[in-house]
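In: just to be clear, the model below is a prediction. Sequence and coordinates:
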Amino acid sequence: MKITSILSVSSILLFAPATSAFHTVTHRQSLATKPTRSAKLFYNSRHRRHSEPPDLEQQGYYLNPDNSNLPSRDAFVGKESRLRRVTYAPFSLENGRVGSLGAVGSNVDRRATATQTSPLSTTAAKASPSTSASMTAASRSYGIGAWNKSTVPAATSTALEQSYTPSTLRRPIVAGNWKLNPSTKSEARTLLKLLASNFLNHRDKLSSPSSPEVVIFPPLPYMSDAVQILEGTGIMIGAQNSGSQEKGAYTGEVAPSMLASAGCSHVLLGHSERRTIYGETDSDINARLHKCLEQPSLKVILCIGETLQEYESGMLAQVVDAQLRGGLEGVSPHALLQDRVIIAYEPVWAIGTGLVATPEQAQAAHLAIRDTMKAMYGEYSGVAETVRIQYGGSVTPDSIAELMGEADVDGALVGGASLNADSFTRIFDGATSADATKKMGMISYLPRELVAMEVLATKNALGESPVWSKKNRSLYWVSATEGEVWTWDLQNAPYRRLMNTAVGCIGLLRSNAPGSIIIAGESAMMTTSMVSTGGNPNNPIADFESGPSFLCHRPDHMTTTRPNDGRVDRFGNFVVGMYNQYHRSGASEGENNAGLYRLNSQTLEWQEILDYKFRVSNCICFSGDGKTMYFGDTPTRCVYAFDYSPDGPLTNRRLVWTMPSEMPGGPDGAQVDSTGKLWIAVTGAGRIVQINPETGVVEMVVYVDANPTSLTFGGDNLDEMFITTRAPNGGGLHRLKMPHGVRGLPEPEFGVGSSSNTSSSGFRGYLSTL
């Protein structure tokens, strides 16, 4: 058996009567008429309930005051309008979309929406030669070190003043401060690998001004590992502190030049823990800041913030004013206009306490900071509006979107949550989607809601891969880790067979024998027939003595991977994605070592069809015409669409959906309905979501009182949804009658060619040869 690469360069069951075992609850749906501070695409208890959906004409999610459809996106981008335009094209890192957004609009705040250039250099390009020369001189003479307004040449002062307009836009920045964590280098490397896997191939286009900048601040002993492991991810590396001397007899100090030469791009100064524990003063911080600015490649994040007592005494404005004036003394407006200094507002009472300032409190504090900046640099127009201000203090995936919804919150400085790769990634996604909402404006759309009911208490450890055979009128699924394959005809009791190996996924097999399926096992590909040949009628789920037949080898033989998700494509081939069994800890922790393969039904040869590796394959399913395939790597929380050909690699990847930061879990199994909508099981969140692949909008939600793992459509009219779940709080089979007009597509069959043979000796014989 050979693998051809065609990549381009680069138990007791509970039963219920089939007629009454499921139902649809009254749905709730509404169209918001005003944009919200933080768009929520998932219904929660704070929203009003509505018994009827909006008019079909309103399904476009936008109307202008005349109730006529608004012009196209191009008619609004970059133009002034009092209308809040919403389109079908959410914003993102790739092709301007983020799946967790419902829509985007034309109302723009001061953030970057196009290639961001320095306001000073932009003006210089348009200025006269003499003005440009003066500005160049200012860049050399006044960009660092002490600054005195009276010593700046008049021409340069004018150029600096004219270099900024209020329309200059600020790019968000998300930073993770690891502090004195983790305890060992091994733990740090694991965290870095997980973080790299979440960003590489998924969030690595961070040079685009349409996405936030990302910086992490590990302890110094881990810095070289961070630089090495995060290479290519777009994540920048910073230092948690720096000395005020360049070199000499200063034991224990680290010079900014050393940090820059080691790969640092940012330095954190003035953190409250440095101020309170180590007694660093504004004067100390200011000296270090100036020394950092002498390194052209370094930026400084200057931390300021008040204590709880100061806040309750109404001293917030006075405290941040004093800290800003002390920390920025002698810093030129040019350095600020060039984005060399970023402000991080961290209320001391919120750091590590679990307390978080409300969005309104954060916005008020950030406005107070800008007021001080105006007072300090008033005659140099735009300094106060240019400086980016982060919020810090117990930032979590649940709080980031609302915080970022405020106009003057330009990012987050994250503490404890940055020590978990998935939490930090979710915060980044929340900042991305919230920033797109602020920039473009949007209306939140409340999806229709349904509830699925458990109909079989099968207690599967990991139910997966449900497929419906219209020909046999039966459902098949697996309990992956237990090596079980189950079937149910909706009338009689279900039964199972043991495969003597872990099972990743199954597909229907074209055969004259009823109940024939193909099985992707941990050790090999197999076939079997899931039809009872008898047995004790009082034991309807008896294990059968006859085992499966060996079909062919699995696509790779690494002990760290096994088949996971898969489906038969519309052309009769079997597409199988692998799974890194130790992706969180163990032999291959954090590694992208799993591949995506297609088994040709005629030759039984494997072809690798994706040009990058991943950790956990899921969401494999196909459009009705078979020309689009969906796929996701679960830990990344992103789902993509690809152009699909039965004899070529996947091409033209585009982002369909990124899970909202406040939603736990990850995307698991998926299926496409007859209208082309994508249904995704979100394991860990207790729901199935219906996504419009063209917009990324969540249009329906099916709630499941368990951890859903996958789904398919079945029943005589393919208008029922069957959902598998997993332990510990699930494992049963759930069922739902779909609303009118929603139905699935017939599941294709894997057609084994006449030249191939299935071994009659059985799979047990094959196992004995391994």
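Out: Structure received.
In: make it CA atoms for all contacts and neighbour counts henceforth
Out: Will do.
In: low-confidence ranges, the stretch 401-550 of the chain, go.
Out: 436-445, 532-546 (pLDDT under 70).
In: where do the strands sit along it?
Out: For the stretch 401-550 of the chain, applying DSSP state E, counting those that start in this stretch gives strands covering 411-414, 445-446, 448-451, 453-456, 463-469, 474-479, 484-488, 495-498, 503-509, 516-521, 524-529, 549-553.
In: show me what the first one is packed up against.
Out: Just to be clear, that refers to strand 411-414. If contacts are counted by 3 or more Cα pairs under 8 Å, 6 or more residues apart in numbering; DSSP states H and E, strand 411-414 sits against strand 173-177, strand 389-392.
In: pull out the buried residues from stretch 330-347.
Out: Using 16 or more other Cα atoms under 10 Å as the test for burial, stretch 330-347 gives 330-347.
In: mind listing residues that contact stretch 225-238?
Out: Here stretch 225-238 makes contact (Cα atoms under 8 Å, 6 or more residues apart in numbering) with 189, 192-193, 195-196, 199-201, 203-207, 213-218, 223, 263-268.
In: among the helices and strands packed on strand 411-414, which is nearest Glu402?
Out: strand 389-392 (11.7 Å; Cα to Cα).
In: neighbouring strands for that closest one, and are they parallel or not?
Out: strand 341-345 (parallel), strand 411-414 (parallel) (DSSP bridges).
In: with mean neighbour count and distance to Arg570 as extra columns, can I get the strands of the stretch 401-550 of the chain in CSV?
Out: Below are those laid out as CSV (neighbours: other Cα atoms under 10 Å; distance: least, Cα to Cα, whole Å):
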stretch, mean neighbour count, distance to Arg570
strand 411-414, 27, 45
strand 445-446, 26, 33
strand 448-451, 21, 29
strand 453-456, 22, 30
strand 463-469, 28, 14
strand 474-479, 24, 19
strand 484-488, 22, 23
strand 495-498, 23, 27
strand 503-509, 27, 12
strand 516-521, 25, 15
strand 524-529, 22, 19
strand 549-553, 23, 21
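In: redo these as JSON lines? Include distance to Thr683.
Out: Conversion of the strands of the stretch 401-550 of the chain to JSON lines gives the following (distance: least, Cα to Cα, whole Å):
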{"stretch": "strand 411-414", "distance to Thr683": "26"}
{"stretch": "strand 445-446", "distance to Thr683": "21"}
{"stretch": "strand 448-451", "distance to Thr683": "15"}
{"stretch": "strand 453-456", "distance to Thr683": "16"}
{"stretch": "strand 463-469", "distance to Thr683": "11"}
{"stretch": "strand 474-479", "distance to Thr683": "15"}
{"stretch": "strand 484-488", "distance to Thr683": "20"}
{"stretch": "strand 495-498", "distance to Thr683": "24"}
{"stretch": "strand 503-509", "distance to Thr683": "16"}
{"stretch": "strand 516-521", "distance to Thr683": "21"}
{"stretch": "strand 524-529", "distance to Thr683": "26"}
{"stretch": "strand 549-553", "distance to Thr683": "30"}
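In: any idea which of these gets closest to Met663?
Out: Met663 lies closest, by Cα to Cα, to one member of those: strand 445-446, at 15.2 Å.
In: quick one: secondary structure of Ala375?
Out: helix (DSSP: H, G, I helix; E, B strand; the rest coil).
In: picking up where we left off before, looking at the helices and strands packed on strand 411-414, which is buried most?
Out: Each of the helices and strands packed on strand 411-414 was scored by mean neighbour count; the highest is strand 389-392, a mean of 29, by mean count of other Cα atoms under 10 Å.
In: distance from the chain centre to that strand, please.
Out: Distance, stretch centre to chain centre, for strand 389-392: 21 Å (Cα atoms, centre = their mean, to the nearest Å).
In: now do stretch 478-496
Out: Here stretch 478-496 is found 33 Å from its chain centre; the criterion is Cα atoms, centre = their mean.
In: stretch 720-730 now?
Out: 24 Å.
In: in that stretch, what counts as buried?
Out: Of the residues in stretch 720-730, 720-726, 730 count as buried by neighbour count, 16+ other Cα under 10 Å.
In: so for Leu169, what's the pLDDT?
Out: According to the prediction, Leu169 has pLDDT 77.
In: er, Leu269 actually
Out: 98.
In: can you report phi and psi for Ile304?
Out: phi -140, psi 160 (degrees, to the nearest 10).
In: one more: Arg370?
Out: Torsion angles, degrees, to the nearest 10, at Arg370: phi -70, psi -30.
In: tell me, how many residues neighbour it?
Out: 21 (other Cα atoms under 10 Å).
In: surely it is in contact with Glu385?
Out: Yes - using Cα atoms under 8 Å, Arg370 and Glu385 qualify as a contacting pair, with a distance of 7.1 Å.
In: thinking again about what came up before, now, the buried residues of stretch 720-730 that are in strands?
Out: Per DSSP state E, strands hold the following members of the buried residues of stretch 720-730: 720-726.
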